Every structure is written in structure tokens, then in C-alpha cells.
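Enquirer: Return atomic coordinates for the entry below.
(one chain, ligands or ions: 1)
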Amino acid sequence: MNAWPFGVLVNLVAGGDVVILSGAGLSTESGIPDYRGPSGRARRAEPMTYQTFVATAAARQRYWARSHLGWRHVARARPNSGHRAVAELEQAGLLAGTITQNVDGLHQAAGAQQVIELHGSLGRVLCLGCGERTPRPLLDQRLRAANSGWAARAAEITPDGDAVLADDDLAGFRVVDCESCGGVLKPDVVFFGENVPRPRVEQSYRLVERAGALVVLGSSLTVMSGYRFVRHASKLAIPVVIVNQGRTRGDPHAVAAIDAPLGATLSALIARLRPEAAVS
Ligand SMILES: [Zn+2]
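Expert: Numbering: from 1, shown residues only. Predicted coordinates:
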């Protein structure tokens, strides 16, 4: 690890009021693949768009069949040392908050509480009819009951918790509807072709404006929904530090960029800041 950018990270985090912006690269060490990172493979299937999802029952059958298999993988994933380090920084009073692009819930599973889920969470289901939000494990039970004979297997898992299945495997998969109103159920995540809800974006901008520093963890910042906060911080002369494997679109805005594995870097950060409480 290059000593100079790491020292900048340590000093800025020690100063407190840090806002974390995290992406898929933070969760790769938990076994959730990052298709844009160095270990990522080319995306084989096109991601489901909001427009396609709402257009036809066949599209929703395809989505939920894949997601039903992918969910087991996401539900099994556990926070890694990077998530635990972020939770420790929060508990140490050094964070103003965390904005995450991840939909896996692993920040909260590690104990972080001040988390804005920019793209929502796979752990919740939203009814497009009545707006009710319900826990994903409940839907999982209902889908298992409705598809007890359905034995297709996931060939591959995507970061969205969406397994790749052959069309033949989809036949016979039964989708279930909202128990309250019979409406269409959608995972409570922002799909491609859908905007992040405005209040969530505004809340994130306000958080960044109060920050002593913005620390990006595991995002190449290719998507505008995260990159805009880096630009915003830079415009306000709030220092930005980026920890990511590989270059990022935000590097020109950063006072330091650390190209290194997330878990090891954040564990080293904790060890430097709180030698008595280093995470393993
Ligand atoms: Zn409903």
C-alpha cells in the first residue's frame, strides 16, 4: 500500500464528519460479484429495466424466477472486514453518514445505522398497487410455497441478485401478487431506467454538504447516481478520497486515490485510528 495516499485517508477520517459513499467493490469480498471491477466478468444478460418489468407478466415471471434463485445467494452473504470497519467508524463517532449504491444490506448487517440506500434494498419488496413495503423473506416463503416443484438451478449470479436461467427453466414458475391488494410486486430497488427518488437524492446532497471529507469505497463511479456526489463535494472544496481496485471516474476530483483491496485497507485504517480495537 502506497504510504502517502493512505496517510491522507487516516488524517481525514481522524478529523471526523466523514461521509462514506460505497459501491459494489465493497461487497465483492462477501462473494457478491462486481461486474465493473477487476474480478468482474462481462455481463451476460441485459439487466431488467423498469419499463420492461412493468410492461408484461412474462417479463416479471422471468425476473422473479431468476431473482428467487439469486436471493438465496444474497441472503447468505455476510459483511466483510470492510463493512465492519465502516460500522466501527460510525460507532467511534467519526462518520456523518453512509450513502451506499449497494442493495445487499451488508452495511446494516455489520452494525451501521446511518445508511442511505441510494438504490434501495433487495431485502424489501414494494407493491406497485398500494405502495406497501414488505420484508423479502416473507415473499421468499410465498414463492417457495407456490413453486415447490420448480427445480431449476442458477447458472450464474449477478450483483442484483438475479440468476441467469435458460428460457426452458422459466416455464412453470409462478409469480405471486400483493397479499393486501393483489397488485404487482417489485423488489424495492431502483431498476435501470428508473430514477433514484428525489427526497433520497436531496438527503444525500445535504449529507455531503455537511461532510468534513467524502470517502468513496469500492465504486468506479461510472454511474451518475453516485458520481454526482463526488462532483458536488469537489465543487464545495470538500476533500474526496477514493479507495477502489482500479481507476475511477472520480480520480481527477480526489485529493488521494488508493488502488488496493478494500477489506485490508479499511482494517489497516481502523488499526491506525483505534489500535485497541482493530477488526480482523
Ligand atoms: Zn398492494
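
Enquirer: center of this protein - which residue?
Expert: By C-alpha atoms, centre = their mean, the mean C-alpha position of the chain lies nearest to residue 102, the distance being 0.4 Å.

Enquirer: For that residue, which non-adjacent residue is spatially closest?
Expert: Of all residues not flanking residue 102 in the chain, residue 27 sits nearest, at 5.5 Å (C-beta to C-beta, 6 or more residues apart in numbering). (C-beta placed from N, C-alpha, C; glycine too.)

Enquirer: How about the residues of the stretch 101-250 of the chain by the ion?
Expert: With C-beta under 5 Å from the ion as the criterion, the stretch 101-250 of the chain comes near the ion at residues 127, 129-130, 178, 180-181, 183.

Enquirer: Quick one: the helices in the stretch 101-250 of the chain, in order.
Expert: Taking DSSP state H, counting those that start in this stretch as the test, the helices found in the stretch 101-250 of the chain are 106-109, 136-146, 167-170, 198-209, 224-235.

Enquirer: Any chance of those in a markdown table with mean neighbour count and distance to residue 261 as columns?
Expert: Output for the helices of the stretch 101-250 of the chain, formatted as a markdown table (neighbours: other C-beta atoms under 10 Å; distance: least, C-beta to C-beta, whole Å):
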| stretch | mean neighbour count | distance to residue 261 |
| --- | --- | --- |
| helix 106-109 | 22 | 16 |
| helix 136-146 | 15 | 29 |
| helix 167-170 | 12 | 35 |
| helix 198-209 | 15 | 26 |
| helix 224-235 | 18 | 20 |
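
Enquirer: Contact partners for residue 248?
Expert: Counting by C-beta atoms under 8 Å, 6 or more residues apart in numbering, residue 248 touches 216, 219-221, 242, 257.

Enquirer: can you do 10 Å?
Expert: Each residue near residue 248 by C-beta atoms under 10 Å, 6 or more residues apart in numbering is listed here: 23, 25, 36, 216, 218-222, 226-227, 230, 242, 254, 257, 259.

Enquirer: Over to residue 86?
Expert: Residue 86 neighbours (C-beta under 10 Å, 6+ apart): 18, 20, 22, 26, 79, 95, 98, 100, 106-107, 110-112, 115, 215, 217, 262, 266, 269-270.

Enquirer: distance of it from the ion?
Expert: With distances taken as C-beta to the ion, to the nearest Å, residue 86 is found 34 Å from the ion.

Enquirer: swap in residue 268?
Expert: Taking C-beta to the ion as the measure, residue 268 falls 47 Å from the ion.

Enquirer: Give me the pLDDT value at that residue.
Expert: pLDDT for residue 268: 97.

Enquirer: just to revisit the earlier point, quick one: which of the residues of the stretch 101-250 of the chain next to the ion sit in strands?
Expert: Taking DSSP state E as the definition of strands, those contribute residue 127.

Enquirer: so how far is the worst-scoring helix or strand of the chain on mean pLDDT off the chain centroid?
Expert: Lowest on mean pLDDT, DSSP states H and E among the helices and strands of the chain sits helix 167-170, with a mean of 74. In terms of C-alpha atoms, centre = their mean, to the nearest Å, the centre of helix 167-170 is set 28 Å apart from its chain centre.

Enquirer: returning to what we had before: quick check on the contacts of residue 86: which are buried?
Expert: Neighbour counting with 16 or more other C-beta atoms under 10 Å marks 18, 20, 22, 26, 79, 95, 98, 100, 106-107, 110, 112, 115, 215, 217, 262, 266, 269-270 as buried within those.

Enquirer: Where do the strands of the stretch 1-150 of the chain begin and end?
Expert: Secondary structure of the stretch 1-150 of the chain (DSSP state E, counting those that start in this stretch): strands located at 18-22, 95-100, 115-117, 120-127, 133-135.
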